[in-house]
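> next comes the sequence, and after it the predicted model I'd like to discuss.
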Amino acid sequence: MNAAAPTVDWPEQLYRTLKRAGVRQVGYVPDAGHARLIERCRADPDIRDVALTTEEEGVALAAGAWLGGERAVLLMQSSGVGNCINMLSLARSCRFPLLMMITMRGEWEEFNPWQQPMGSIVDPVLKLCEAQIYRAAKADEVEGLAERAVQHVFGDERIAALILSQELIGKKVWVK
Amino acid sequence: MSGPVSGLERRAAMATLLADRGEDLLVVPGLGSTCWDLAAAGDNDRNFYLWGAMGGAAMIGLGLALAQPRRRVAVVTGDGEMLMGLGALATIGVQQPANLAVIVFDNGVYGETGMQPSHTGAGAVDLLAVARGCGFAASLDVRDEVALADLAARLKNLSGLLFARVAIAAVEPPRVLPERDGEVLKRRFRAAIGL
């Protein structure tokens, strides 16, 4: 890597993308990869941050938000995708716009082998659920892909997942 | 104690809750029996019928209540549907939307699938205690017509997060089927509130 390259602050870019899109409800299960974005949303008085007990709640939350005229986003880790599968029927049956931003585990420099089984099937599972996938491997492509996902979701009332690769997020440090 | 077999008649209970409902009341049922109950009480564009998404009714209600703070939102679901999404009560309790009522028609059985006992019917799970533990300060135990009338009055002037468990007789009336095209239901609901 070129040490002189400017650092791209992609969590901040994601926050600004959500603001530009007019997102008012942010559902999430706390996640280290999304920590900064969650922190920004929690500090924003115009965004309602909704901590969830399980990710599928966020699919239903986003549907309710849209019924009431607000845009929502669902933030989660790759393991949460599995928790959403049946509830995604709600978005598919009614064509609710659903924007998901997913941080990956189990695909690169993963210390915890229990993350691999779900991490390895995130893309095919989402494709089967009719989600358009935008996968970001490098920091400088996050914002552009996020904008495309926003357009796909709210412009066409569809489902999209912005997938943030584990290499982008960085290795989880396991020492205390 | 076994399930509340001697509870209220479900169609009449729904009709009482929704009598003169007003244009600002938005209703989300669970899938199955409460969805048929809602349709039987009279079709309304401000109903968002569910034919699936089991466990999701209360969370749809939350997203809707947050987006429409000047309208009242009532989720009327069954014990089985509520049990599948019990975590939603915790999530809603943290959010405390003042315009949301979560009402559970509790007959202690899965009526849609052949009257198998639910966890509430087995007497082991008390949904009122769960709701209180999740931060629903107002939690009503509705077992008779007087309490039902009180719930209906509170729903009319909803002024704070509300939970109610309505004891329902384990009898399944004939199905009354509403529109089932999800896109149609979504569009007509949004149009009805000016979106």
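Looks like it arrived, so ask away. Numbering: from 1, shown residues only, chains lettered A, B, ... in the order given.
> make it CA atoms for all contacts and neighbour counts henceforth
Will do.
> helices along chain B, start to end?
Assigned helices in chain B, in chain order: B:10-18, B:33-40, B:57-67, B:79-84, B:87-95, B:127-133, B:145-156, B:182-192 (criterion: DSSP state H).
> okay, these, which one's buried deepest?
helix B:57-67 (a mean of 30; mean count of other C-alpha atoms under 10 Å in any protein chain shown).
> wait, does that helix contact chain A?
Yes - using C-alpha under 8 Å from any C-alpha of the partner chain, helix B:57-67 comes into contact with chain A via B:A57, B:M59, B:I60, B:G61, B:L62, B:G63, B:L64, B:A65, B:L66, B:A67.
> any chance of TSV for the helices of chain B, columns mean pLDDT?
Listed next are the helices of chain B as TSV, based on pLDDT from 0 to 100:
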stretch	mean pLDDT
helix B:10-18	98
helix B:33-40	98
helix B:57-67	98
helix B:79-84	98
helix B:87-95	98
helix B:127-133	98
helix B:145-156	98
helix B:182-192	98
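> nearest to A:W108, out of these?
Across the helices of chain B, A:W108 has its closest neighbour in helix B:87-95 (31.6 Å, C-alpha to C-alpha).
> tell me the buried residues in the longest helix seen in chain A?
Secondary structure of chain A per DSSP H: the longest helix is helix A:142-156. Of the residues in helix A:142-156, A:V142, A:E143, A:L145, A:A146, A:E147, A:A149, A:V150, A:Q151, A:H152, A:V153, A:F154 count as buried by neighbour count, 16 or more other C-alpha atoms under 10 Å in any protein chain shown.
> likewise stretch A:104-112?
Those would be A:M104, A:R105, A:G106, A:E107, A:E110, for stretch A:104-112 by 16+ other C-alpha under 10 Å.
> just put those residues in CSV and tack on pLDDT.
Output for the buried residues of stretch A:104-112, formatted as CSV (pLDDT from 0 to 100):
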residue, pLDDT
A:M104, 96
A:R105, 93
A:G106, 91
A:E107, 91
A:E110, 86
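> tell me how far the residue positioned nearest the centre of chain B lies from B:A164.
Nearest to the geometric centre of chain B sits B:V76, at 1.0 Å (C-alpha atoms, centre = their mean). Here B:V76 is placed at a distance of 9 Å from B:A164 (C-alpha to C-alpha, to the nearest Å).
> one more: A:A146?
41 Å.
> cool, and A:L74?
Counting by C-alpha to C-alpha, the gap from A:L74 to B:A164 is 29 Å.
> which residues in chain A form strands?
Ranges of strands in chain A, per DSSP state E, are A:23-28, A:48-51, A:71-77, A:98-103, A:131-136, A:159-164.
> quick one: closest of these to B:W36.
Using C-alpha to C-alpha, the strands of chain A put strand A:98-103 closest to B:W36, at 27.3 Å.
> so what secondary structure elements neighbour the closest one?
helix A:55-67, strand A:71-77, helix A:142-156, strand A:159-164 (3 or more C-alpha pairs under 8 Å, 6 or more residues apart in numbering or on different chains; DSSP states H and E).
> between these, which one is closest to chain B.
Chain B lies closest to helix A:55-67 among these, at 4.1 Å (C-alpha to the nearest C-alpha).
> got the buried residues for that closest one?
Buried, per 16+ other C-alpha under 10 Å, within helix A:55-67: A:55-67.
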